[in-house]
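Asker: Got a predicted structure here, sequence first:
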Amino acid sequence: MVTELRECTTHLSHMPLKSLKPYKAYPEALQEHLSAFPGSQRAHSAALRLIPMTLAPGLRAQLSTVVEMADTAKEIGSGDVPVLATPRLLALAEAATVRAVGRHLAPGETSVGTRVALDHLAASPLGARVQVGVELTEVDGRRLVFAFEAHDERGAVVGKGTIERVVVDRARFLARTTR
């Protein structure tokens, strides 16, 4: 169970405006216009693709959890010892990436994971507090690349790696999964 979830963004005033890559925004006027046509998913999706929004490297998020039995390799089935399972560490890191960009996406958009590189470097026993921090390091169109690092309460690096996600229109993505 995640016991603490925090979000922050880096201060971007030191970056020239040219270095911020536009992505998507959702102006209030457009939102009002589209709400007049609730059945027009095609128009809604097209409008989302046309409006610029800023997703820039430097967005960050962290979460913290205490390792419980449900988080262990023994319980999940990825091993037979009662320490933080690698799949659980990855799930925590992915949750932090979702948190980092969530409020920066337009309504109707989400991000989906596409690639992961993970080094699980130290065991975390039951009761250990683990904190995972992520940072958006690259934005390439709809592709987002994050670096993450997890630490225990002693400051030891538990794991680190990268996660790639792609921004998608939620309704179109779900429609493709039912074909």
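Answerer: Received the coordinates, thanks.
Asker: For the rest of this, base every contact and every neighbour count on C-alpha atoms.
Answerer: Fine.
Asker: for the chain, what spans make up the helices?
Answerer: 28-35, 41-50, 73-76, 86-102, 170-177 (DSSP state H).
Asker: What are the boundaries of the strands in the chain?
Answerer: Under the criterion DSSP state E, the chain contains strands at 2-9, 59-66, 109-120, 129-140, 143-152, 157-169.
Asker: Relative to Thr86, which of those strands is closest?
Answerer: strand 109-120 (6.5 Å; CA to CA).
Asker: Partner strands of that closest one and their direction?
Answerer: strand 157-169 (antiparallel) (DSSP bridges).
Asker: so the partner strand versus helix 86-102, what angle?
Answerer: Inter-element angle recorded for strand 157-169 and helix 86-102: 50 degrees (by axes from the mean of the first three to the mean of the last three CA atoms, to 10 degrees).
Asker: contact partners of strand 157-169?
Answerer: Strand 157-169 has contacts (CA atoms under 8 Å, 6 or more residues apart in numbering) with 45, 89, 94, 108-124, 130, 142-152.
Asker: ditto for stretch 139-149
Answerer: For stretch 139-149, contacts defined as CA under 8 Å, 6+ apart pick out 21, 23, 55-57, 93, 97, 132-138, 157-168.
Asker: Ok, stretch 112-123 next?
Answerer: The contact list for stretch 112-123 (CA under 8 Å, 6+ apart) reads 83-84, 86, 90, 94, 156-168.
Asker: try stretch 71-83
Answerer: Against stretch 71-83 from outside (CA under 8 Å, 6+ apart): Val67, Met69, Ala70, Leu84, Ala85, Thr86, Pro87, Arg88, Ala123, Ser124, Pro125, Leu126.
Asker: Kindly recompute the last result at 10 Å.
Answerer: 1, 65, 67-70, 84-89, 122-128 (CA atoms under 10 Å, 6 or more residues apart in numbering).
Asker: Would you mark the buried spots in that stretch?
Answerer: Asp71, Thr72, Ala73, Lys74, Glu75, Ile76, Pro82, Val83 (16 or more other CA atoms under 10 Å).
Asker: Alpha carbons only: can I get it in CSV?
Answerer: Taking Å, rounded to 0.1, in the frame of the first residue of the first chain, the C-alpha atoms of stretch 71-83 are listed here in CSV:
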residue,chain,number,x,y,z
ASP,A,71,4.6,-6.5,-1.6
THR,A,72,7.0,-9.4,-1.2
ALA,A,73,8.5,-11.8,-3.8
LYS,A,74,7.1,-14.7,-1.8
GLU,A,75,3.5,-13.3,-1.9
ILE,A,76,3.6,-12.1,-5.6
GLY,A,77,5.3,-15.3,-6.8
SER,A,78,8.5,-13.8,-8.2
GLY,A,79,10.6,-15.5,-5.6
ASP,A,80,10.4,-17.3,-2.2
VAL,A,81,11.7,-14.7,0.2
PRO,A,82,9.8,-12.0,2.1
VAL,A,83,11.5,-9.0,0.6
